[in-house]
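Undergrad: Okay, here's the prediction I keep looking at, along with the sequence it came from:
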Amino acid sequence: MMGDFVGQNPVNSLASVAQYLLPLVFLVGAAMSAYGRYQRRISQAQVTGGPDQGALNHLSGQQFEALVGESFRRKATR
């Protein structure tokens, strides 16, 4: 009986902390995702809307992949 109480107490403590911490972690992750998508949209708008033909030459490989991905996402929603 006493062993069940001792084993259950840390689990209850962890659950009481996790019920507030876990949603916060998910909220931070969602905010980071939304910010990244915003940055990709801005980048796509700058490259496609600007008169500078060499804008693609100044992008890194990762930025170029994000730009192409955002272009495909925008085409799919139209």
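TA: Received the coordinates, thanks. Just so you know, these numbers come straight off a predicted model, no measurement behind them. Numbering: from 1, shown residues only.
Undergrad: Which of the residues in stretch 57-75 are classified as buried?
TA: Residues Ala66, Leu67, Glu70 are the ones in stretch 57-75 that count as buried (16 or more other C-beta atoms under 10 Å). Every residue, glycine included, has its C-beta placed from N, CA and C.
Undergrad: Can you name the residues that contact the second one?
TA: Translated: Leu67. Arg40, Ser43, Gln44, Val47, Leu59 (C-beta atoms under 8 Å, 6 or more residues apart in numbering).
Undergrad: try it again with 7 Å
TA: Ser43, Gln44, Val47, Leu59 (C-beta atoms under 7 Å, 6 or more residues apart in numbering).
Undergrad: Ok, the first one next?
TA: Going by C-beta under 7 Å, 6+ apart, Ala66 touches Arg40, Ser43.
Undergrad: Mind picking the two most distant members of the contacts of Leu67?
TA: Farthest-apart pair in the contacts of Leu67 is Gln44 and Leu59; separation 11.0 Å (C-beta to C-beta).
Undergrad: about what we covered before: okay if I get the buried residues of stretch 57-75 as JSON lines plus secondary structure, pLDDT and distance to Asn9?
TA: Output for those, formatted as JSON lines (DSSP: H, G, I helix; E, B strand; the rest coil; pLDDT from 0 to 100; distance: C-beta to C-beta, whole Å):
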{"residue": "Ala66", "secondary structure": "helix", "pLDDT": "84", "distance to Asn9": "47"}
{"residue": "Leu67", "secondary structure": "helix", "pLDDT": "83", "distance to Asn9": "53"}
{"residue": "Glu70", "secondary structure": "helix", "pLDDT": "83", "distance to Asn9": "49"}
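Undergrad: Tabulate those (TSV), appending distance to Ser33.
TA: Output for the buried residues of stretch 57-75, formatted as TSV (distance: C-beta to C-beta, whole Å):
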residue	distance to Ser33
Ala66	13
Leu67	17
Glu70	13
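Undergrad: Which one of these is nearest to Val11?
TA: Of the buried residues of stretch 57-75, the one sitting nearest to Val11 (C-beta to C-beta) turns out to be Ala66, at 42.0 Å.
Undergrad: quick one: Arg41 and Val17, what's the gap?
TA: 37 Å (C-beta to C-beta, to the nearest Å).
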